[in-house]
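Asks: Okay, predicted coordinates and the sequence, questions at the end:
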Amino acid sequence: MAVDMKAIVIDRYGSVQELHEMTLPVPEIKADEVLVKVAATSVNPIDWRTRTGQMRRDGQQFPLVLGWDVAGVISAVGAAVRHFQVGDAVFARSDHAGADAQYVAIKADKLAMKPGNLSFVQAAAVPLAGMTAFQVIIDQLQVVPGDRVLIQAGAGGVGLFAIQIAKAQGAYVITTASEANREMLLRLGADEVIDYHQTQITAAVHDLDAVFDTTNEIEDGLAVLKPTGMLVSIAGRPTVAQQTGQPSATHWWLHPSGKTLTQLGQLIAVHQVQVVIDSQYPFTTAGVRAAHERSESHHAHGKIVIVVDEKLAEQA
């Protein structure tokens, strides 16, 4: 196995011009980790928000390798890892980024086996956005058959998964999106698509059981709920009054989990959830810069994928 690897890094916070290629040592794995040879990764808002310094951490060390989603093949396993072996095709959401590289170390409990009918490119698009949607719809909102659910910004990376997961639960799904995305969202399972350019959500729906807020419009979301309803936001922080009121609101942050990802993978394997790819970019400085710009534009219709190893990605 190689000792050094190619990575795309930043040396300081700033624009896409800070992203550049660098040679780094292949990560050393701990006993509870595996080393994954990366086939593909994807870009999420956390990538460019970290790059610009919006989500900076105290004591952050540079050079910094971004990328939280990974799909690839295990090339080494730690001494304490029991359920994975070299050669397994896997996907995961990393705890500490690092996926914009040829190799990344991942905790074994964050890994899931890649479904056989899912390509590496598709698998790379799933973990962060898909698990966020799954945990909110299934674990937090606890959507059940017959629930009337509003998913704000259905054409976003998280929204696309949330619509399908809620539909798989038997819910009546309402979402907001531009008119250009209506047909796509109806095909994916939305029952109603409200054009937010033309219609205020508070004038269009009421008495809902659940709201998934991805746009920080908590007050409007609460206004369309039943008194017993619940709102979960991944974009805003509800006030104490909003958290304790009827209906109530809470905030959720993804908890990466191999178990959750396995459950989501099973929905994908039986075609209850589709993976929507907006665009693919090469693993070059220019390619990763362009992928960040695409994400920052807010015009993507699906996930943005970076193909790290073309030969590996073509295998499945």
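Replies: Done, it's in. Numbering: from 1, shown residues only.

Asks: which residues in this structure form helices?
Replies: 45-52, 120-124, 127-134, 157-168, 182-188, 201-204, 218-223, 240-244, 258-269, 285-296, 310-313 (DSSP state H).

Asks: by contact count, what packs against the fourth one?
Replies: Here helix 157-168 touches helix 127-134, strand 148-151, strand 172-177, helix 182-188, strand 208-213, helix 258-269, going by 3 or more CB pairs under 8 Å, 6 or more residues apart in numbering; DSSP states H and E. From N, CA and C alone the C-beta is placed, and that goes for glycine too.

Asks: Contacts made by it with the rest, please.
Replies: For helix 157-168, contacts defined as CB atoms under 8 Å, 6 or more residues apart in numbering pick out 44, 125-126, 128-130, 132-134, 136-138, 143, 147, 149, 151-154, 173, 175, 177, 185, 188-190, 212, 214, 234, 264, 267, 272-274, 276, 300, 302-303.

Asks: for it, what is the average pLDDT?
Replies: Averaged across helix 157-168, the pLDDT comes to 97.

Asks: Low-confidence stretches in the chain?
Replies: By pLDDT under 70, the low-scoring segments of the chain are 1, 316.

Asks: so what are the domain limits for it?
Replies: Annotated domains of the chain cover 4-126+276-313, 129-251 [automatic domain parsing].

Asks: Which of those domains sits closest to Lys259?
Replies: Among those, domain 4-126+276-313 comes nearest to Lys259, with 8.0 Å by CB to CB.

Asks: thinking again about what came up before, okay, the helices and strands packed on helix 157-168 in a markdown table with mean neighbour count next?
Replies: Output for the helices and strands packed on helix 157-168, formatted as a markdown table (neighbours: other CB atoms under 10 Å):
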| stretch | mean neighbour count |
| --- | --- |
| helix 127-134 | 27 |
| strand 148-151 | 26 |
| strand 172-177 | 25 |
| helix 182-188 | 16 |
| strand 208-213 | 26 |
| helix 258-269 | 18 |
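
Asks: returning to what we had before: which stretch among the domains of the chain comes nearest Thr260?
Replies: domain 129-251 (5.1 Å).

Asks: can you give me how far the closest one is from the chain middle?
Replies: Computed by CA atoms, centre = their mean, to the nearest Å, the chain-centroid distance of domain 129-251 equals 16 Å.

Asks: Looking at the helices of the chain, which is nearest to Lys114?
Replies: helix 120-124 (4.8 Å).

Asks: mind saving the C-alpha coords of the closest one as PDB?
Replies: Only the C-alpha atoms of helix 120-124 are listed here, as PDB (Å, rounded to 0.1, in the frame of the first residue of the first chain):
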ATOM      1  CA  PHE A 120     -19.700   4.100  -5.300                       C
ATOM      2  CA  VAL A 121     -20.700   7.400  -6.800                       C
ATOM      3  CA  GLN A 122     -24.300   7.000  -5.500                       C
ATOM      4  CA  ALA A 123     -23.100   5.600  -2.200                       C
ATOM      5  CA  ALA A 124     -20.900   8.700  -1.600                       C
END
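
Asks: Tell me what angle the longest strand that the chain contains forms with helix 127-134.
Replies: If you go by DSSP state E, the chain has its longest strand at strand 33-43. If you take axes from the mean of the first three to the mean of the last three CA atoms, to 10 degrees, strand 33-43 sits at 80 degrees to helix 127-134.

Asks: who does strand 33-43 pair up with?
Replies: Strand 33-43 sits in its sheet next to strand 69-77 (antiparallel), strand 103-107 (antiparallel), strand 303-307 (antiparallel), going by DSSP bridges.

Asks: Among the domains of the chain, single out whichever gets nearest to Gly258.
Replies: Among those, if distance is taken as CB to CB, the winner is domain 4-126+276-313, at 4.9 Å.

Asks: Span of that closest one from start to end?
Replies: 21 Å (CA to CA, to the nearest Å).

Asks: any idea how far that domain is from the chain center?
Replies: A distance of 12 Å separates the centroid of the chain from that of domain 4-126+276-313, by CA atoms, centre = their mean.

Asks: So for stretch 236-243, what gets flagged as buried?
Replies: Gly236, Pro238, Gln242 (16 or more other CB atoms under 10 Å).
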